[in-house]
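[1] What follows is a predicted structure for the sequence shown.
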Amino acid sequence: MIEAKIRGLGTYVPERVMTNADWEKILDTTDEWIVQRTGIRERHVAAPKEVTSDMGTHAARRAMEDAGVSEEDIDLLICATASPDTLLPSTACWMQPKLGLEGKPAFDISAACSGFVYGITVADQFVKSGQYNNVLVVGAEMLTRMVDWQDRSICVLLGDGAGAAVVSSQGEGGRILGSRLHADGTYGELLWIPAGGTRMPPTLETVEKRLHYYTMRGNELFKIAVKSMADVTKELLEGLAMDSGAIDWVVPHQANVRILQALAKRLRVPWERVVVNIERYGNTSAASIPLAFDEALHDDRIKRGDNILFVSFGGGLTWSALIVEW
Ligand code: ACO
């Protein structure tokens, strides 16, 4: 049987750092509120000329270099994003020529913060089926350009960044053991962009009412996030006949440090085993898991042979889990 492995990883964040103190200057908020409620201290913000596909391209190039593969080796490009360059074409298609992958299949996954795990899972299936040898999965988000900078209930939470992985039939370690994906569209309006699609096409009125920005009912999402991430992890562990003691590291989607503390408790995983970097990046949606994973690899917390749980939750609603034997 063909195995699918994460063969290389790469990340990118824009240079500009925006602190909570910077938000205090333009918004009715405080560093204290943001840190206490979310754990976030700063986030990266893209330069005016940058677009999502630029950030994804930087991360993808680094992942290809890390994996030791060239353009010819890549069979498929998947981009997970909730902040695309344009509604049409896909961000993957914008990224494709920047990466020299013209002619190769390319598509986006719209699963918000769960997008990276969804993308790795799709890549896993293509590799295991024998159809492709190397799939490039990118999570790229420019969320600071998708939120209303006057809406304190969401703008202080989000940040920009990108992460990418090469999922391959070759390579040492990084074996994908299994994954589980879920979605429940009945909760779609808990986190959405009301206007700009067929449901509410753009008009002067939709712009005046600021309906083209992310809108979130954070409080309601909080409880669902903890439960669904814990449930999908249990389901995956059961399917793999593992127990939570077998997880060496949890690399979760970084939406709120309090969500992660509650999750660790429910999973009975020691807090020191949860990789958390939300304080420096905020919520970067589909980029948050690769950004956290890359950091824990580079500071040598994660070693070869460790079992790593990726678990995520986001707009859709979507939630998912995946375990890799590094
Ligand atoms: N600064 C100061 N006060 C604020 C701010 C702010 N930035 N934002 C909200 N407040 C106020 C509210 O107005 C409210 O005031 P009130 O009590 O006078 O009405 C008070 O703070 C409490 O607001 P809540 O929304 O109840 O605060 P909560 O403790 O729930 O924290 C948060 C909000 C951080 C959004 C939290 O609910 C959360 O993290 N939810 C989950 C988010 C999530 O997981 N999203 C999905 C993934 S993201 C994706 O897919 C892109």
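    Nice, thanks for sending it over. Residues are numbered from 1 along each chain as shown.
[2] How about the residues of the protein by the ligand?
    Listed as neighbours of the ligand in the chain under the rule C-beta under 6 Å from any ligand atom: 29, 33-34, 37-38, 82, 112-113, 152-153, 156, 191, 218-219, 221-222, 225, 255-256, 259, 283, 285, 314-315. No exception for glycine: its C-beta is placed from N, CA and C like everyone else's.
[3] Show the buried residues in those residues.
    Buried members of these, scored by 16 or more other C-beta atoms under 10 Å, are 29, 34, 38, 82, 112-113, 152, 156, 191, 218, 221, 225, 255-256, 259, 283, 285, 314-315.
[4] Low-confidence regions, the stretch 101-250 of the chain specifically.
    Scanning the stretch 101-250 of the chain for pLDDT under 70 picks out no residues.
[5] Helices of the stretch 51-200 of the chain, start to end?
    Ranges of helices in the stretch 51-200 of the chain, per DSSP state H, counting those that start in this stretch, are 52-67, 91-98, 115-128.
[6] Would you mind measuring from the spatially most central residue of the chain to Arg280?
    Residue closest to the mean C-alpha point of the chain, counted by C-alpha atoms, centre = their mean, is Ala286 at 1.9 Å. Distance, Ala286 to Arg280, using C-beta to C-beta, to the nearest Å: 18 Å.
[7] next one: Gly68
    Using C-beta to C-beta, Gly68 is found at 29 Å from Arg280.
[8] my read: Ser312 touches Pro290, true?
    No - the criterion here is C-beta atoms under 8 Å, and Ser312 misses it with Pro290 at 11.1 Å.
[9] that older thread, looking at Gly68 and Arg280, which one has more neighbours?
    More neighbours surround Arg280 than the other of Gly68 and Arg280, with 17 against 13 (other C-beta atoms under 10 Å).
[10] Dump whichever helix in the chain runs longest to CSV, restricted to CA.
    When the chain is parsed with DSSP state H, its longest helix is helix 218-239. Output in CSV follows, covering the C-alpha atoms of helix 218-239 (Å, rounded to 0.1, in the frame of the first residue of the first chain):
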residue,chain,number,x,y,z
GLY,A,218,-17.8,34.7,18.7
ASN,A,219,-19.5,33.8,22.0
GLU,A,220,-21.7,31.2,20.3
LEU,A,221,-18.8,29.8,18.4
PHE,A,222,-16.6,29.4,21.4
LYS,A,223,-18.6,26.5,23.0
ILE,A,224,-19.1,24.7,19.7
ALA,A,225,-15.4,25.0,19.0
VAL,A,226,-14.2,23.3,22.1
LYS,A,227,-16.8,20.4,21.9
SER,A,228,-16.4,19.8,18.1
MET,A,229,-12.6,19.7,18.3
ALA,A,230,-12.6,17.3,21.2
ASP,A,231,-15.3,15.1,19.6
VAL,A,232,-13.5,14.8,16.2
THR,A,233,-10.2,14.0,18.0
LYS,A,234,-11.9,11.2,20.0
GLU,A,235,-13.5,9.9,16.8
LEU,A,236,-10.1,9.8,15.0
LEU,A,237,-8.3,8.2,18.0
GLU,A,238,-10.9,5.5,18.2
GLY,A,239,-10.7,4.9,14.4
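[11] list the helices and strands the helix or strand just after it packs on?
    Downstream of helix 218-239, the first helix or strand assigned by DSSP states H and E is strand 249-252. Secondary-structure packing of strand 249-252 (3 or more C-beta pairs under 8 Å, 6 or more residues apart in numbering; DSSP states H and E): helix 257-267, helix 288-298, strand 307-314.
[12] re the thing from before, helix, strand or coil: sort out the residue nearest to the centre of the chain for me.
    The three-state label given to Ala286 by DSSP: H, G, I helix; E, B strand; the rest coil is helix.
[13] Name all residues that make contact with it.
    Taking C-beta atoms under 8 Å, 6 or more residues apart in numbering, we find Ala286 in contact with 80-82, 111-116, 119, 139-141.
[14] Same question for Ala106.
    Shown in contact with Ala106 (C-beta under 8 Å, 6+ apart): Leu76, Leu77, Ile78, Cys79, Ser90, Ala92, Cys93, Met95, Gln96.
[15] got JSON lines for the residues you listed, with pLDDT, distance to Asp243 and neighbour count too?
    Shown next, in JSON lines, are the contacts of Ala106 (pLDDT from 0 to 100; distance: C-beta to C-beta, whole Å; neighbours: other C-beta atoms under 10 Å):
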{"residue": "Leu76", "pLDDT": "98", "distance to Asp243": "34", "neighbour count": "22"}
{"residue": "Leu77", "pLDDT": "98", "distance to Asp243": "36", "neighbour count": "24"}
{"residue": "Ile78", "pLDDT": "98", "distance to Asp243": "31", "neighbour count": "26"}
{"residue": "Cys79", "pLDDT": "98", "distance to Asp243": "35", "neighbour count": "32"}
{"residue": "Ser90", "pLDDT": "98", "distance to Asp243": "39", "neighbour count": "22"}
{"residue": "Ala92", "pLDDT": "98", "distance to Asp243": "37", "neighbour count": "29"}
{"residue": "Cys93", "pLDDT": "98", "distance to Asp243": "43", "neighbour count": "18"}
{"residue": "Met95", "pLDDT": "98", "distance to Asp243": "39", "neighbour count": "30"}
{"residue": "Gln96", "pLDDT": "98", "distance to Asp243": "42", "neighbour count": "24"}
